[in-house]
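Engineer: model the structure of this input:
(chains A and B)
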Amino acid sequence: MSEAILRYENVSLSFDGEPALRNVSFDLLKGQTAIIFGAAGSGKSVLLKLATGLLKPDSGEIYLFGQEITRLREEDLFPIRAKVGVLFQEGGLFDSLNVEDNVAYPVWNQKGRQNGKLDPEKVHDRVKEALRFVELEQTLEKFPSELSGGMRRRVGIARATVTEPALMLYDSPTAGLDPITANTIIALIIKARDTKNSTPIIVSHRYQDGHLMANFRYNPQNGELEKAPHDSGIHENTTFLVFEEGKLVFDGTQEELESSTDPYVSKFKAVKS
Amino acid sequence: MLDLLKERVTSFQDFIFLSGRAIRNIIRRPHYTGDVLMQMDIIGVGSLPIVVLTGFFSGAVMGLQMSRALAQYGATGQMGQIVAITLVRELGPVLSSLLVAGRNASGMASELGSMKVTEQIDAMRALGTDPVQKLVTPRFIATCVTLPLLTIIADFVGIIGGFVVAYYMLNQTAAQYWSTAWRSLVWNDLAQGLLKPLVFAMVISLVGCYYGMQTKGGTQGVGRATTQAVVVASVWIFILTFFITRIFV
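Structural biologist: Below is the predicted model:
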């Protein structure tokens, strides 16, 4: 663990006079995992959009990789954003590009920015590897409209992780999926965290997602999840944040969440695995 | 009333900002040459058949209409001149631009609008790409290059249309038609005949992209953006052609 990879300081944002976030402050350190819970409209997605500068706060400061981003111009944000992986709620895939081009997009984009030359053959290999990671190698030629919701999100994960970013933002990765597919998605997020050394932030409303993230790790030998041993540090490094109507009402570990007596916070521990 | 005015001023300001960024991006890295070529194919090659057809028949119909008026003065021999001047100065640029506005301003608004409402523009920004650089600038460059070329083709095919009427229906000689057509055109005609499509190309691409990027409210919003883009671009073409003509006349 070292410096804060993402830091919010007294961040507030309103839309047409309606507050979406109120005075939110928290730190996310490198190697930590953040699980963000909250009811619909509690400001979870807005929080993620602020992290990459897609929205600007009305007040407060946001530090991404140690750099204050709220006053940066859009042009100056692009190189910083390229270091963050984002999975949008519905995958956010470009529907006019096939799966291969979608996943290759960040690779070409990064190279275009650095004005470097890249061998298309090597890009193809990287794309295949990223798709193998989410077990969707066979879909290279398919278009997003031909995939199921779960597959689209898996391709979204492949696209977000292909450049191996230090920070990964997952906006409701399991929303609207059946429990089996949802668990597959969370397993992939854990795999990305453990094998690619990324710091994930997961927005969710399922307790199960947070529980898996906080207690399980990826076993590269058999390719499955296993209970993380106590000394692995995974449990201690997973922090839970709960939002209520734009306010951060809880920030702590899984045990603290479970022992909370706040009626709103308790709603997110009700369905235990 | 004040709110309505404020809204108009704000959207005009947004349009100017978008235009400024799109134009500035022409010289900034990264350059999306592949996208520019693809848009040139869609806008230029894609519009070629309708521009050729419209150009031909507008030249031909002008020949027919003018034949009666010219006959009154015994000046049917001047057919080539009338057709060439009208087409090169006015009809070629305006008709081609209206066709491209109908085909491509709508296409740009609906494509970008759909991307906006399905969060693909946000995804693009999040992946570290400037959507203006990636989506607007290539369309701007492609329209500015192809529309003047389409206009030249429309002008030429239109003059051929006028010739077909003059030669086969009004029994003029080919030499008479072509020599009057050729001699009547001066640099002034060519200058305004090429300046107009260039200005209209800027308007069409920027208006189409602006309405696309501003789309709100799901699929209905996409439909609204598409209609607005075509209407606004077409109206501006008529307004601007008047002012450009005013400079040259």
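
Engineer: who's in contact with residue 53?
Structural biologist: This is for chain A. A:62, A:64, A:69-70, A:72, A:74, A:77, A:80-81 (CB atoms under 8 Å, 6 or more residues apart in numbering or on different chains). Placement of C-beta: from N, CA and C, glycine included.

Engineer: from the residues you listed, which ones fall inside helices?
Structural biologist: Members of these lying in helices (criterion: DSSP state H): A:74, A:77, A:80-81.

Engineer: and those residues, which are buried?
Structural biologist: Among those, those that count as buried by neighbour count (16 or more other CB atoms under 10 Å in any protein chain shown) are A:77, A:80-81.

Engineer: before we move on, the earlier item: lowest-confidence entry in the ones in helices among the contacts of residue A:53?
Structural biologist: Among the ones in helices among the contacts of residue A:53, residue A:74 carries the weakest pLDDT, at 82.

Engineer: secondary structure element holding residue A:45?
Structural biologist: Per DSSP states H and E: residue A:45 is located in helix A:44-51.

Engineer: do the same with residue B:144
Structural biologist: helix B:137-164.

Engineer: by contact count, what packs against that helix?
Structural biologist: helix B:2-24, helix B:33-40, helix B:46-72, helix B:79-86, helix B:92-100, helix B:174-184, helix B:187-213 (3 or more CB pairs under 8 Å, 6 or more residues apart in numbering or on different chains; DSSP states H and E).

Engineer: mean neighbour count for those - can I get that in TSV?
Structural biologist: As requested, those are arranged in TSV below (neighbours: other CB atoms under 10 Å in any protein chain shown):
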stretch	mean neighbour count
helix B:2-24	12
helix B:33-40	16
helix B:46-72	18
helix B:79-86	23
helix B:92-100	26
helix B:174-184	16
helix B:187-213	22
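
Engineer: could I get those as a markdown table with mean pLDDT?
Structural biologist: Shown next, in a markdown table, are these (pLDDT from 0 to 100):
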| stretch | mean pLDDT |
| --- | --- |
| helix B:2-24 | 89 |
| helix B:33-40 | 93 |
| helix B:46-72 | 92 |
| helix B:79-86 | 90 |
| helix B:92-100 | 95 |
| helix B:174-184 | 90 |
| helix B:187-213 | 94 |
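
Engineer: of all those, which one is nearest chain A?
Structural biologist: Proximity to chain A (CB to the nearest CB) singles out helix B:2-24 among these, at 8.7 Å.

Engineer: the closest one vs helix B:137-164, what angle?
Structural biologist: 90 degrees (axes from the mean of the first three to the mean of the last three CA atoms, to 10 degrees).

Engineer: what's the biggest helix in chain A, counting residues?
Structural biologist: Max-length helix for chain A by DSSP H is helix A:179-196.

Engineer: name the residues that touch that one?
Structural biologist: A:33, A:133-134, A:149-150, A:153-154, A:157, A:161, A:164, A:168, A:170, A:173-174, A:177, A:198-200, A:202, A:206, A:208-209, A:212-213, A:216-218, A:220, A:224-225.

Engineer: what's the mean pLDDT across that helix?
Structural biologist: The average pLDDT for helix A:179-196 rounds to 87.

Engineer: and the next element down the chain from it?
Structural biologist: Downstream of helix A:179-196, the first helix or strand assigned by DSSP H and E is strand A:199-204.

Engineer: that next one close to chain B?
Structural biologist: No - Strand A:199-204 lies out of reach of chain B by CB under 8 Å from any CB of the partner chain, never closer than 13.3 Å.

Engineer: counting contacts, what elements does that strand pack onto?
Structural biologist: strand A:4-15, strand A:18-29, strand A:33-38, helix A:44-51, strand A:167-171, helix A:179-196, helix A:207-215.

Engineer: which other residues reach that strand?
Structural biologist: When contacts are defined by CB under 8 Å, 6+ apart, strand A:199-204 is touched by residues A:5-6, A:28-38, A:44-45, A:47-48, A:51, A:166-175, A:189, A:192-193, A:209-210, A:213.

Engineer: which of the residues you listed are buried, as a ChimeraX select command?
Structural biologist: Filtering the contacts of strand A:199-204 down to the buried ones (16+ other CB under 10 Å) takes a single ChimeraX command:
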select /A:5,6,28,29,30,32,33,34,35,36,37,38,44,45,47,48,51,167,168,169,170,171,172,173,174,175,189,192,193,209,210,213
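
Engineer: save the helices and strands packed on helix B:137-164 as CSV, and put in distance to chain A too.
Structural biologist: Formatted as CSV, the helices and strands packed on helix B:137-164 follow (distance: least, CB to the nearest CB, whole Å):
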stretch, distance to chain A
helix B:2-24, 9
helix B:33-40, 10
helix B:46-72, 16
helix B:79-86, 41
helix B:92-100, 21
helix B:174-184, 44
helix B:187-213, 13
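
Engineer: and those helices as a markdown table, adding distance to residue A:263?
Structural biologist: Listed next are the helices and strands packed on helix B:137-164 as a markdown table, based on distance: least, CB to CB, whole Å:
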| stretch | distance to residue A:263 |
| --- | --- |
| helix B:2-24 | 42 |
| helix B:33-40 | 53 |
| helix B:46-72 | 61 |
| helix B:79-86 | 79 |
| helix B:92-100 | 61 |
| helix B:174-184 | 86 |
| helix B:187-213 | 43 |
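
Engineer: by how many degrees do the longest helix of chain A and strand A:199-204 diverge?
Structural biologist: Going by the same axes, to 10 degrees, helix A:179-196 makes 170 degrees with strand A:199-204.

Engineer: which parts of helix A:179-196 are buried?
Structural biologist: A:181-194.

Engineer: just the endpoints, please. Distance across stretch B:178-192?
Structural biologist: Using CA to CA, to the nearest Å, one end of stretch B:178-192 lies 21 Å from the other.

Engineer: for that stretch, give me every contacting residue.
Structural biologist: For stretch B:178-192, contacts defined as CB under 8 Å, 6+ apart pick out B:77-81, B:83-85, B:88-89, B:159, B:162-163, B:244-245, B:247-248.

Engineer: now that stretch, how far from the centre of its chain.
Structural biologist: The chain centre lies 21 Å from the centre of stretch B:178-192; the measure is CA atoms, centre = their mean, to the nearest Å.

Engineer: same deal with stretch A:185-197?
Structural biologist: Here stretch A:185-197 is found 11 Å from its chain centre; the criterion is CA atoms, centre = their mean.
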